[in-house]
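**Q** Prediction below, plus the sequence it came from.
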Amino acid sequence: MKAGVFRLLACATVIACGFFGAEAAAQTSSGQAEQAIALLKKAQEAARKTDYAGVFSYQDDGTMQSSRVTHLVDGTGERERLEVLDGRPREFIRHNETLHCLIPDKELVLVEQARTDRFPGLFLGDTGHIVNHYHFSLEPESSRVAGRECQVVDVHPRSPDRYGYRFCVDRETKLLVKAQTLDGDALVDEIAFTLLQVGESVSPEGLKSQWNFSDWKQVRVPVQQIDVGALGWRVHSPAGFQFANQISRPMKSGQSVKHLVLSDGLAVISVFIESYDGARASRNVTKGAARNGAINVYGTRIGDFWVTALGAVPVKTLQAVAEQTQYVAPAPAQSR
């Protein structure tokens, strides 16, 4: 209400009506948030259980990359093939949680475990407290992406340590067809289908690679689950962020790097911890912030280690993660 109207509210009954109206508005807002979150959870489920094929484009900072994807569900689970259409040839062939990355110019296949938040998936980790950190709302008007009607979900951060999002969910299949990351009104990045088929029209032939890689060198990326807390690390997590993964993997230098994934359900921050000497030897490391497209990066030295935090979140958030992380060497185990 306008300030002038407030000055006229001398009657207690009118004030009471105002309170009831505010309460009703809050209930409406809360109900719409629940509907929006429920719709996004259906989109997450559709990404796993829907047969689809198409082409999608990813844009950030003036660059664009297109990929062709085929996703089918059969008696063995999920099968997916993703082909990068721009730049150096790359293919990703996934069966459930196992991912084969084909690098044709090196005749190399890397085998590793797959993450579950890749487009058109969107959630990673626990989403139970996500409403505490974002406002969710549904736009009344439909949008249209790749020739399909879709419902728009607006997601606004409750604090400046996160970006916002705008999602378009296909009204028929509930599949996510477009996702935008927003810094206020500014577009940070966008990924969207430009061509999409669903259901019985999707051919299993799309799962076959264009490359005969049976004789290529195959390398299984060794990954070890770790507990960084037990190793002496106290990693600063922004409010609402939790560990989605904690692993150690080797680098080309032969040394290992700890890779930690923090997520609030939507936003994802990766933290890499490696020896300072190893990081300096492999590349020029400089304390402070950098940017790679939509991804912000912040690196700093902590004792004998180099810590790098990166993600599609504001750089101040990454700076806090890196600068406030602490290391206390664990006490050596006592022999009996």
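**A** Perfect, thanks for sending it.
**Q** So what touches the helix or strand residue 316 falls within?
**A** Using DSSP states H and E, residue 316 maps to helix 315-323. The contact list for helix 315-323, computed with Cβ atoms under 8 Å, 6 or more residues apart in numbering, reads 160-162, 235-238, 262, 269, 271, 289, 291, 296-300, 307-311. Every C-beta, even on glycine, is put in place using the N, C-alpha and C of the backbone.
**Q** Can you get me a residue count around the residue nearest to residue 104 when sequence neighbours are not counted?
**A** Excluding its sequence neighbours, the residue lying closest to residue 104 (Cβ to Cβ, 6 or more residues apart in numbering) is residue 89, at 4.7 Å. The tally of other residues near residue 89 (other Cβ atoms under 10 Å) stands at 14.
**Q** And residue 89, what's its pLDDT?
**A** pLDDT for residue 89: 94.
**Q** does it really touch residue 107, like I thought?
**A** No: in this structure, residue 89 is not within contact of residue 107 by Cβ atoms under 8 Å, at 11.4 Å.
**Q** then stretch 51-71 to CSV, C-alphas only?
**A** C-alpha atoms of stretch 51-71 as CSV (Å, rounded to 0.1, in the frame of the first residue of the first chain):
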residue,chain,number,x,y,z
ASP,A,51,13.6,-40.7,-23.9
TYR,A,52,14.8,-37.7,-25.7
ALA,A,53,17.2,-36.6,-28.5
GLY,A,54,18.1,-33.2,-29.8
VAL,A,55,20.6,-30.4,-30.1
PHE,A,56,21.2,-27.8,-27.4
SER,A,57,23.5,-24.7,-27.2
TYR,A,58,25.4,-23.3,-24.3
GLN,A,59,26.2,-19.6,-24.4
ASP,A,60,28.4,-17.5,-22.1
ASP,A,61,30.4,-14.3,-22.4
GLY,A,62,29.9,-14.0,-26.2
THR,A,63,30.8,-17.6,-27.0
MET,A,64,28.5,-20.5,-28.0
GLN,A,65,28.9,-24.3,-28.1
SER,A,66,26.4,-26.7,-29.5
SER,A,67,26.0,-30.4,-28.6
ARG,A,68,23.9,-33.3,-29.9
VAL,A,69,22.4,-35.6,-27.2
THR,A,70,20.5,-38.9,-27.3
HIS,A,71,19.1,-40.3,-24.0
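**Q** Now the element after the helix or strand containing residue 40, going C-ward?
**A** Element membership for residue 40 (DSSP H and E) is helix 12-49. Next in sequence after helix 12-49, counting helices and strands by DSSP H and E, comes strand 52-60.
**Q** How about residues contacting the helix or strand just after that following strand?
**A** Toward the C-terminal end, the helix or strand that comes next after strand 52-60 (DSSP H and E) is strand 63-74. Here strand 63-74 makes contact (Cβ under 8 Å, 6+ apart) with 47-58, 78-87, 194, 202-204, 206-207, 293.
**Q** can we see that at 7 Å?
**A** 49, 51-58, 78-87, 202, 204, 206-207, 293 (Cβ atoms under 7 Å, 6 or more residues apart in numbering).
**Q** same thing with stretch 134-151?
**A** So stretch 134-151 is contacted by 32-33, 35-37, 39, 54, 152-158, 168-171, 177-178, 192-196 (Cβ under 7 Å, 6+ apart).
**Q** still on that earlier bit, what mean pLDDT does the helix or strand just after the helix holding residue 316 get?
**A** Toward the C-terminus, helix 315-323 is succeeded by strand 326-327 as the next helix or strand (DSSP H and E). In this model, strand 326-327 has a mean pLDDT of 96.
**Q** Sheet partners, orientation included, of strand 326-327?
**A** Counting by DSSP bridges, the strands paired with strand 326-327 are strand 233-234 (antiparallel).
**Q** The partner strand: how far from the chain's middle?
**A** The chain centre lies 23 Å from the centre of strand 233-234; the measure is Cα atoms, centre = their mean, to the nearest Å.
**Q** Check stretch 311-321 too.
**A** 14 Å.
**Q** Going by neighbour count, which residues of it are buried?
**A** Using 16 or more other Cβ atoms under 10 Å as the test for burial, stretch 311-321 gives 311-315, 317-321.
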